[in-house]
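Asks: Pasting a predicted model and its sequence here:
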Amino acid sequence: YFVHNRVESIYSLAHMVQKLVPEARVAVAHGQMPEAELEKAMLAFVEGRADVLVATTIIENGLDIPRANTMIINRADRYGLAQLYQLRGRVGRSERRASAFLMVPPDTVLSEIARKRLAAMREFSELGAGFRVAALDLELRGAGNLLGGEQSGHIEAVGLDLYVKLLEQTILELKGQAPRESPRTVLNLRVDLRIPEEYVPEVHQRMSLYKRVSQVRDGTEVAKLAEELRDRYGPFPPEVEGLLGYAALRLRAVALAVVQVDLGASALHLRLAPDTPLGGVTLAAAVRAWPGATLSPAGVLRAPLPPGRPTLIALGDVLEALEGVLEGTRRTAV
């Protein structure tokens, strides 16, 4: 497919394609053609009597053509994100590898929104990315007035993510429930935690993955993200393995109300929140559970590091000891 969404110049563009590739059989399709002529052009492409179909966006809904494996979209900066995603879905309808090329004149100055749309098309190329594309499209176009008659516009003041968060908190307050606070636990471990460029070359994709790692809410989400990364990019380099381990450890620290973990010269320092479930007798037992551990009056647990033990693994060991004490206390209480 060669998509050109201007009927007045589509034939001149088809002529240009024919000159560039003389051996190609070129057909043209657009919505202003007589029905019989349009049907003839489409059938020629479907049956293999045409190699290139120069068309408007009339093709975004309709026949699945398994033999079509390449799409070129001219002036891709003029299309909406959802429309680009829909068009791209017209190729790759069989086991054959498909490609979509988004063309923009080199001297064109793109708006910020156009750049984001094109970057999203490059980033969201995996199966099942439709929901993420729809969410970004909503962010770019604006959600409008959700509860009134005005259904267009942009939530410019706060952005969609923050707007949804504020709306969720307000609903919880109206229900008489306490708003859910995002975990604030910080791990200062001086460990190389990153996604190497050699592993994920696209910078926008790396930024998206960093955001997803920071937003995981439980171990299941960490495992799913790890599985997705392994499936898309292959075995983890040490840095990515450490990043995912860091995310899992932070969630475990949140569950114990550990607000901060610092790596000292020979020990880990875990600062506990006042409302930690490790309180009173349980906290005393937790201190005894780790050899050489001490607790300061300020609520900082110092846990000596075993010689030669990697930092992330050592923190996992400390958290496991604390979790074991807490679980034992709960079983005793029951």
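Replies: Now that the structure is in, tell me what you want to look at.
Asks: Show me which positions of stretch 207-220 end up buried.
Replies: 208-209, 213, 216 (16 or more other C-beta atoms under 10 Å). In this view, the C-beta of every residue, glycine as well, is placed from N, C-alpha and C.
Asks: okay if I get those as CSV plus distance to E227 and secondary structure?
Replies: Listed next are the buried residues of stretch 207-220 as CSV, based on distance: C-beta to C-beta, whole Å; DSSP: H, G, I helix; E, B strand; the rest coil:
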residue, distance to E227, secondary structure
S208, 17, helix
L209, 13, helix
V213, 14, helix
V216, 13, coil
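Asks: Averaged over its residues, which helix or strand of this structure has the lowest pLDDT?
Replies: Every helix and strand of the chain was ranked by mean pLDDT, DSSP states H and E. The lowest is helix 130-141, at a mean of 60.
Asks: chain center to the following helix or strand past that helix: distance?
Replies: Per DSSP states H and E, the first helix or strand lying C-terminal to helix 130-141 is helix 160-174. Centroid separation for helix 160-174 versus its chain: 21 Å, with C-alpha atoms, centre = their mean, to the nearest Å.
Asks: Give the buried residues for the next helix or strand after helix 160-174.
Replies: Moving toward the C-terminus from helix 160-174, the next helix or strand (DSSP H and E) is strand 186-188. Within strand 186-188, the residues that count as buried by 16+ other C-beta under 10 Å are L187.
Asks: any idea how far strand 186-188 is from the chain center?
Replies: On C-alpha atoms, centre = their mean, the centre of strand 186-188 falls 23 Å from the chain's centre.
Asks: Pairing partners for that strand, with directions?
Replies: strand 258-263 (parallel) (DSSP bridges).
Asks: can you give me the mean pLDDT across the partner strand?
Replies: Computed over strand 258-263, the mean pLDDT rounds to 92.
Asks: Restricting to C-alpha, output that strand in PDB.
Replies: Taking Å, rounded to 0.1, in the frame of the first residue of the first chain, the C-alpha atoms of strand 258-263 are listed here in PDB:
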ATOM      1  CA  VAL A 258      10.400   0.600  55.200                       C
ATOM      2  CA  VAL A 259      10.600   4.100  53.800                       C
ATOM      3  CA  GLN A 260      14.300   4.200  52.900                       C
ATOM      4  CA  VAL A 261      17.200   1.800  52.600                       C
ATOM      5  CA  ASP A 262      20.800   3.100  52.400                       C
ATOM      6  CA  LEU A 263      24.000   1.200  51.700                       C
END
